[in-house]
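Engineer: Quick one, structure for this:
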Amino acid sequence: MGVFFLNSYVNDTYKFLSLFSEDENEEFILTLFSDVDSIKNPKHLPVKLLNLNKPLNKWIAYKGKQKTFIQHHNLKKKQAVFFVVNAGGTKAEEINKKRAVFIDEDFAKEKYVYESEAEANKQREKLLKTGIFKRVEVEAPSAKNKQANQWIVRARKTKKEIKRLKIEFLREHKEELKDALIVETFSGFHIYWLINDCSDEMFKMIEEALIVKFNSDPQVKNLARILRVPGFYHQKYEDEEPFLVEVIQWSERRFDANVLAQELNLKLGKKQQEKGYTKEKVKERVSYKSELRRSTTVIKYRDKPKIEFAPPKPIEQEVTFSRALEEIKQRPLSDFVASPILMNGEKVECPFHEDEHPSAVVFKSEKGQELFYCHACEIETKNAITLYKSKLNYSYRKSVEKLARMIGLKIVRTEWEQDLKDSYDENREFLEEELDVLYPNLYYYISKYGRISYLRYFNDKASVKILDKDYSYEDKNIYFSSIRHIMKELGKTSMKSVHHTTCLLVLLGFLKRVPDESIPEPMKARSRALKESLKSELEEQGDKGKKRAEHLRDINFYITTNWSDNAFEMEKLARTLREKGFSMTKHMNKTGLTKLLGKELANRVFMDERVVSKKFEAKEAKLKEIIKNEIEEVGFCVWQSLLTKRIRYTAEAKEYNSDTKKVIKKRTMKEMTKKEKEDIFKRALPSLLGNEYQKISVRSEEKKKMFGYTKKTPAQIYVIVPV
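Structural biologist: Numbers count the residues shown, from 1 in each chain. So this is what the prediction gives:
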């Protein structure tokens with residue numbers, strides 16, 4: 001590919017541009033204009049590709065005799081750096097070669113138009129309450145507006161929300177984007193598919209089809225389109241830090257236009273079809289007393305879907321809700337939907353919008369469940385239950401009951417199931433109590449970081465998936481949920497944070513982990529299958545994947561307890577945690593919990609074979625000995641002095657003798673580092689102090705001298721003294 005074979009890139013920006021051309025003498029037009037000024041006078045600077053094969057700080061473009069240092073204009077004058085994607089000029093009629101087709105995914109901005117100021121301000125307040133917008137502004141009618149007599153509401157999302165939407169988009173379109181060149185901007189992505197030259201008409205049809213498929217910016221489709229150059233800063237928003245535009249996925253593949261259209265299943269020549277619904281993301285209170293909020297998506301259908309369901313059949317069998325649910329999921333959609341005819345592998349006209357040509361499909365999932373999906377209106381994947389809910393807007397349970405009647409099943413509730421339902425209803429009521437007044441210590445832990453939303457999730461998980469009594473532990477319904485699934489359901493981004501929060505809820509007693517011997521065999525079998533599947537997937541990803549696969553643990557199974565019944569004990573434990581200085585970062589591990597609260601509570605959270613290592617115990621014992629000796633000698637022990645002191649300790653080690661094929665135990669001497677000592681202090685402070693000693697802080701220079709500490713730093717020292 002021309003310059004690509006030179007393998008002489010000095011920066012990713014040159015590498016990026018070189019993918020668009022096979023000729024290093026080909027001209028690229030770089031365009032500069034202000035990211036911050038309202039009046040933008042673009043400066044078009046033609047420059048040959050070969051002149052860009054140098055560090056960015058040496059990029060120079062000439063216009064007549066005027067010399068422009070590109071990076072200086074970007075950094076100092078806050079001018080954005082763009083390039084004309086296609087070759088030939090800056091106007092459509094000047095373009096003589098198509099290098100790529102492209103889309104612009106912008107997740108940052110939303111725009112609403114209203115006929116009155118009151119309506120616009122009402123929408124502004126509504127958007128601000130969601131918590132996902134950083135700025136919402138109302139623009140009064142003016143001559144510059146296209147709608148001169150209308151009020152415009154312009155909203156910009158928070159960085160956190162934009163990041164979430166970016167991750168969601170890449171995950172959803174992973175397969176379609178595998179051969180695309182992707183550039184990340186502050187607001188979203190510029191996505192390119194490199195192409196061989198094609199006709200103007202073909203270029204236009206592909207751009208229109210890409211906009212329909214990815215729901216991208218409908219304005220970004222013209223022949224002379226300019227898009228941002230990676231390696232330079234996006235500085236459009238003065239209240240945000242400059243954002244470095246970067247390539248996050250590379251692709252050298254160059255398509256013939258027809259091949260691209262075929263591989264992406266583009267509907268050429270079709271206009272964008274109107275979606276059969278509207279989506280609105282809102283944040284709702286987790287309870288009427290709390291200011292904490294959780295995200296939810298509200299879907300409103302424009303019209304009732306044109307679906308006709310089968311009539312009920314005579315009752316043939318009475319079953320539990322869970323049995324009916326499993327039966328419904330395994331039945332074909334045609335058992336429930338009379339019209340349109342939904343058959344596996346067949347395309348059908350979508351009942352959610354005016355569908356000129358069949359654009360929906362029925363397919364089987366990996367679990368054997370028949371699902372419905374429309375490629376045109378993006379109504380999302382639906383099974384029989386969600387299709388029924390879409391049509392009649394019934395609750396989940398009511399929908400299952402109605403569908404069960406269509407196949408001759410009647411759902412009955414056993415006494416055990418009713419007791420469970422009552423317990424989970426009580427849990428919902430518990431969250432509506434004045435927890436900050438009734439259980440202040442418990443509230444201290446669960447009110448932070450949206451943890452109440454976790455409690456709602458686990459309670460709902462237990463409530464919806466009630467099986468029969470054979471699938472229970474301590475008379476509670478058993479279920480499992482992976483950390484990844486919790487992240488997805490609650491819209492979280494940190495796996496570590498989700499894991500720690502789940503462990504905290506187990507520690508406090510909101511949940512219980514089910515011992516391996518109490519897990520029903522069918523559940524174990526499914527768990528093992530999921531584990532093996534993940535293990536195989538990891539092992540295919542190199543040495544790191546194989547190492548991770550070796551340490552995979554079994555999936556955790558849970559029950560949700562009755563919170564009202566256990567509230568007193570949970571509050572008591574929460575008070576103990578606060579008194580002992582419990583910290584998620586220091587103590588949410590087997591060693592930390594064992595040292596802080598004892599083995600029984602540590603085993604409640606970590607039920608596997610993890611134990612406090614003998615190495616840790618040996619180091620702890622050595623520190624205890626030194627503290628005791630110093631206190632016996634001078635009456636105190638200065639914490640900071642102990643950290644800097646060179647300490648050697650005795651620990652037991654094992655060595656394998658290859659000749660005798662036996663394990664030899666031997667004694668080794670090691671020096672304890674400052675980091676190791678700090679780690680022990682963090683995790684085992686209560687154990688180190690015991691009932692004999694206490695830690696006090698000393699700030700004044702005079703008092704520090706009393707303890708023989710003459711250094712000015714740190715401003716505060718800690719001293720261990722007898723109780």
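Engineer: was I right about Phe458 contacting Ile559?
Structural biologist: No. With contact defined as C-beta atoms under 8 Å, Phe458 does not count as touching Ile559 (9.6 Å). The way it works is simple: take the backbone N, C-alpha and C, and place the C-beta from them, glycine included.
Engineer: Which one's more surrounded, the two?
Structural biologist: Phe458 (23 against 19; other C-beta atoms under 10 Å).
Engineer: helices and strands of the chain: which one has the lowest mean pLDDT?
Structural biologist: When the helices and strands of the chain are scored by mean pLDDT, DSSP states H and E, strand 293-301 comes last with a mean of 50.
Engineer: Show the subsequent helix or strand relative to it.
Structural biologist: Sequence-wise, the next helix or strand downstream of strand 293-301 (DSSP states H and E) is strand 308-309.
Engineer: Which strands and helices lie in contact with that following strand?
Structural biologist: Counting by 3 or more C-beta pairs under 8 Å, 6 or more residues apart in numbering; DSSP states H and E, the packing neighbours recorded for strand 308-309 are strand 337-339.
Engineer: Packing partners of the strand it packs on?
Structural biologist: strand 308-309.
Engineer: Neighbouring strands of the strand it packs on in the sheet, and parallel or not?
Structural biologist: strand 337-339 (antiparallel) (DSSP bridges).
Engineer: which residues are in contact with the partner strand?
Structural biologist: If you take C-beta atoms under 8 Å, 6 or more residues apart in numbering as the criterion, strand 337-339 is touched by Lys306, Ile307, Glu308, Phe309, Ala310, Ala384, Leu387.
Engineer: Most neighbours of all those, which one?
Structural biologist: Result: Ala384 is most packed of the contacts of strand 337-339 (other C-beta under 10 Å), 26 neighbours.
Engineer: Ile103 versus the closest residue to it other than its chain neighbours, what's the distance?
Structural biologist: Once flanking residues are discounted, Ala384 sits nearest to Phe336: 4.6 Å by C-beta to C-beta, 6 or more residues apart in numbering. Distance, Phe336 to Ile103, using C-beta to C-beta, to the nearest Å: 37 Å.
Engineer: One more: Ser334?
Structural biologist: Counting by C-beta to C-beta, the gap from Ser334 to Ile103 is 37 Å.
Engineer: Kindly report the same for Ile211.
Structural biologist: Applying C-beta to C-beta, the value for Ile211 to Ile103 is 7 Å.
Engineer: Same check on Ile626?
Structural biologist: Counting by C-beta to C-beta, the gap from Ile626 to Ile103 is 65 Å.
Engineer: out of those two, which sits in the more crowded spot?
Structural biologist: The neighbour comparison of Ile626 against Ile103 (other C-beta under 10 Å) goes to Ile103, with 23 against 16.
Engineer: Contacts only, for that one.
Structural biologist: Taking C-beta under 8 Å, 6+ apart as the criterion, Ile103 is in contact with His190, Ile191, Glu207, Leu210, Ile211, Phe214, Ser216, Asp217, Val220.
Engineer: rerun that using 6 Å as the cut-off
Structural biologist: By C-beta atoms under 6 Å, 6 or more residues apart in numbering, the residues touching Ile103 are Ile191, Leu210, Phe214, Ser216.
Engineer: For the residues you listed, could you give me TSV that also reports neighbour count, secondary structure and distance to Glu692?
Structural biologist: Formatted as TSV, those follow (neighbours: other C-beta atoms under 10 Å; DSSP: H, G, I helix; E, B strand; the rest coil; distance: C-beta to C-beta, whole Å):
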residue	neighbour count	secondary structure	distance to Glu692
Ile191	25	strand	65
Leu210	23	helix	72
Phe214	20	helix	67
Ser216	22	coil	68
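Engineer: Looking at the residues you listed, which is nearest Ser613?
Structural biologist: Ser613 lies nearest to Ile191 out of the contacts of Ile103, by C-beta to C-beta, at 49.1 Å.
Engineer: and that closest one, what are its bridge partners?
Structural biologist: Beta-bridge partners for Ile191, by DSSP bridges, are Ile103, Ile182.
Engineer: Do a quick rundown of the helices in the stretch 351-500 of the chain.
Structural biologist: 384-392, 396-406, 415-431, 435-438, 440-446, 451-464, 483-490, 495-508 (DSSP state H, counting those that start in this stretch).
Engineer: what angle do the longest one and helix 451-464 make?
Structural biologist: Orientation of helix 415-431 against helix 451-464 (axes from the mean of the first three to the mean of the last three C-alpha atoms, to 10 degrees) gives an angle of 170 degrees.
Engineer: do the last one as well
Structural biologist: Taking the same axes, to 10 degrees, helix 495-508 and helix 451-464 form an angle of 70 degrees between their directions.
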